[in-house]
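In: no FASTA, just this:
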């Protein structure tokens, strides 16, 4: 079946059935039905204390403790579902959003599911530059992005649209090269391909319908507040330590905290307890500096949420 017909047919069915069952005071979130983007989206919801019944994979599932409902779709159907109002917001890869060119707005960049869209050619080719692609046949699942790039760079090439495993196309003679998503690059290597040009970088986006009601916007703002609290806490630790009073200024220079460290006098004269926040990346370097300044009783604990 023609993909456009399949997609339009599905979305017509969704609109006919789902809009009639849409609960007015619930924010409907379109989420990819499976894969890495699905897993990271569900983790973000879970860390934001939004409970979705695990293992229940019907088309539409309401949260147990927050006014949202999850609509599971194919990733390439999400932009159209949001633009047409079937879903209020959606979590989708930037690559799919740019490719589909639907009339929805970017609400937030979510900083996960990062990848890039690149041109890759057979490993044995001596690549000299973009002129190599002139007259070539390029296999891709993203013809819109590729077409715009070729036009911008005045390159005449044939685009061969493939919806499956694009990386095998050169090996079986379907194309001279490919334009596809690259994460680690392992798939390219296993198919004797090499990445030569990065056309765009992509990450998960939250996109939204442009006509949300005030009620839906209020729910969305609370949802984003929870997401931010979770993301702000990522990679950070809460540190508590005892320090001689004459070393407090030196320690504060190392541990500035969110605004400034919290300092509480101890019963033992000449000592204070200092509380602050550190990043996981600098953890061991900072601990070594603190010990050299005479810090004792250092306690480091994870941060679940951080409200800035």
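Out: Okay, I see it. Bear in mind the structure is a predicted one, so any value in this text is a computation, not a measurement.
In: I'd like to know how many residues surround residue 291.
Out: 12 (other CB atoms under 10 Å). Using the backbone N, CA and C atoms, a C-beta is placed for each residue, glycine as well.
In: Could you find the closest non-adjacent residue to it?
Out: Here the nearest residue to residue 291 in space, its sequence neighbours aside, is residue 298; by CB to CB, 6 or more residues apart in numbering that works out to 7.6 Å.
In: Run through the residues that contact that neighbour.
Out: By CB atoms under 8 Å, 6 or more residues apart in numbering, residue 298 lies in contact with 239-241, 287, 290-291.
In: just residue 42 next, same as before
Out: With contacts defined as CB under 8 Å, 6+ apart, the neighbours of residue 42 are 31, 52.
In: pLDDT at it, what is it?
Out: Residue 42 is assigned a predicted lDDT (pLDDT) of 93.
In: Quick one: the helices in the stretch 151-300 of the chain, in order.
Out: Counting by DSSP state H, counting those that start in this stretch, residue ranges of the helices within the stretch 151-300 of the chain are 186-190, 214-233, 248-254, 283-292.
In: got a markdown table for the ones you listed, with mean pLDDT and distance to residue 86 too?
Out: As requested, the helices of the stretch 151-300 of the chain are arranged in a markdown table below (pLDDT from 0 to 100; distance: least, CB to CB, whole Å):
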| stretch | mean pLDDT | distance to residue 86 |
| --- | --- | --- |
| helix 186-190 | 91 | 33 |
| helix 214-233 | 93 | 14 |
| helix 248-254 | 90 | 52 |
| helix 283-292 | 89 | 45 |
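In: Relative to residue 77, which of those helices is closest?
Out: Of all the helices of the stretch 151-300 of the chain, the one in closest proximity to residue 77, counting by CB to CB, is helix 214-233 (20.6 Å).
In: if we can go back for a sec, dump the helices of the stretch 151-300 of the chain into CSV; add distance to residue 266 as well.
Out: Conversion of the helices of the stretch 151-300 of the chain to CSV gives the following (distance: least, CB to CB, whole Å):
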stretch, distance to residue 266
helix 186-190, 54
helix 214-233, 28
helix 248-254, 12
helix 283-292, 16
